[in-house]
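> got a sequence here, can you model it:
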Amino acid sequence: MGEWINRQRRVLGTGFSFLVFGLGGLALGGVVFPLVRLTVSDGPRRHAVSREILRHAFRFFIELMRRVGVLSYELVGFERLERRGLLILANHPSLIDTLFVLAFVRGCNCVVNAALSRNPFTLGAVRSAGYLTSDSGVAVIAECIAALEQGGNVLIFPEGTRTPLSGEIKLRRGAANIAIRGRRDITPVIVHCSPRTLTKGEKWWHVPSRKAEYVLEVRDDIAVSPFLAGSREPAIAVRQLTAHLQQYFSTEARADAVA
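Residues are numbered from 1 along each chain as shown. Got it, this is the predicted structure:
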């Protein structure tokens, strides 16, 4: 009986948290970010201000979920993300992985699903923060490289969608293209979530048997120079780097799927 009551509390806590998130998104998009656009005319400065607002908003949301007993979390090595010009790649086991990184990395840009730029709860944030959208094709590669060269950090989930419960992932080549063509080392972030929750196709009220525990670990940089050695064509280097990254992230994803 106690376990059932605890689970229902987490269902209510999850619902309440997402209600707050939705209302907050509408308030930010309808009031806060229009004020930012009116008062900050410089585009890059407006993006920076908006990202800082979102960083605090996402930290509030994560802390809310922690306080209502939905999740706990641990950050490992996040001081390494205080460097500038980082190409940050992360696996994507859960819906809220993006929020964790953006909440604890100052001024981070992000490549987001194009649908978020049309969703009424998120479009204001995406546009005001200047987040890049995945529907811009090859243009997003150039945009990411330009952002990195200007000293910005860029977060990408190279799967393009959440990891399935099986742990089998398939990476897209966009992230490797940015790393190879921009000659930029990769800073990997491994997201562990146990038990798995908020996965692809899973309803928010399908909470796990116990509180979800998130561990986000910043690993050592992955150098791209070995993939650029010799006279390799960029396209070949991109394929080889993508295969390496897929093996790298798949190892962690399968381990979590078994756990």
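> CA atoms for contacts and neighbours, from now on please.
Noted.
> would you map the strands across the stretch 51-200 of the chain?
Per DSSP state E, counting those that start in this stretch, the stretch 51-200 of the chain carries strands over the ranges 71-76, 87-90, 109-112, 132-133, 154-156, 186-194.
> by contact count, what packs against the shortest one?
Using 3 or more C-alpha pairs under 8 Å, 6 or more residues apart in numbering; DSSP states H and E as the contact criterion, the elements in contact with strand 132-133 are strand 109-112, helix 138-149.
> contact partners of the shortest one?
In this case it means strand 109-112. Contacting residues not belonging to strand 109-112 are listed as 51, 129-134, 152-157 [C-alpha atoms under 8 Å, 6 or more residues apart in numbering].
> could you dump those residues to a markdown table with distance to Glu217, neighbour count and pLDDT?
Below are the contacts of strand 109-112 laid out as a markdown table (distance: C-alpha to C-alpha, whole Å; neighbours: other C-alpha atoms under 10 Å; pLDDT from 0 to 100):
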| residue | distance to Glu217 | neighbour count | pLDDT |
| --- | --- | --- | --- |
| Arg51 | 22 | 25 | 97 |
| Ala129 | 25 | 26 | 94 |
| Gly130 | 26 | 19 | 94 |
| Tyr131 | 23 | 20 | 94 |
| Leu132 | 24 | 24 | 91 |
| Thr133 | 25 | 19 | 87 |
| Ser134 | 25 | 19 | 80 |
| Gly152 | 21 | 20 | 94 |
| Asn153 | 17 | 23 | 97 |
| Val154 | 17 | 22 | 97 |
| Leu155 | 14 | 27 | 97 |
| Ile156 | 15 | 23 | 96 |
| Phe157 | 15 | 23 | 94 |
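> and which of those residues is nearest Trp4?
Closest to Trp4 out of the contacts of strand 109-112 is Phe157 (34.9 Å), distances taken as C-alpha to C-alpha.
> dihedrals phi and psi, that closest one?
For Phe157, the backbone dihedrals are phi -100, psi 100 (criterion: degrees, to the nearest 10).
> quick check: nearest residue in space to it, chain neighbours excluded?
Counting by C-alpha to C-alpha, 6 or more residues apart in numbering, the nearest residue to Phe157 once its immediate chain neighbours are dropped is Ala90, at 5.2 Å.
> check what pLDDT the one you found gets.
According to the prediction, Ala90 has pLDDT 96.
> fine, thanks again, bye for now.
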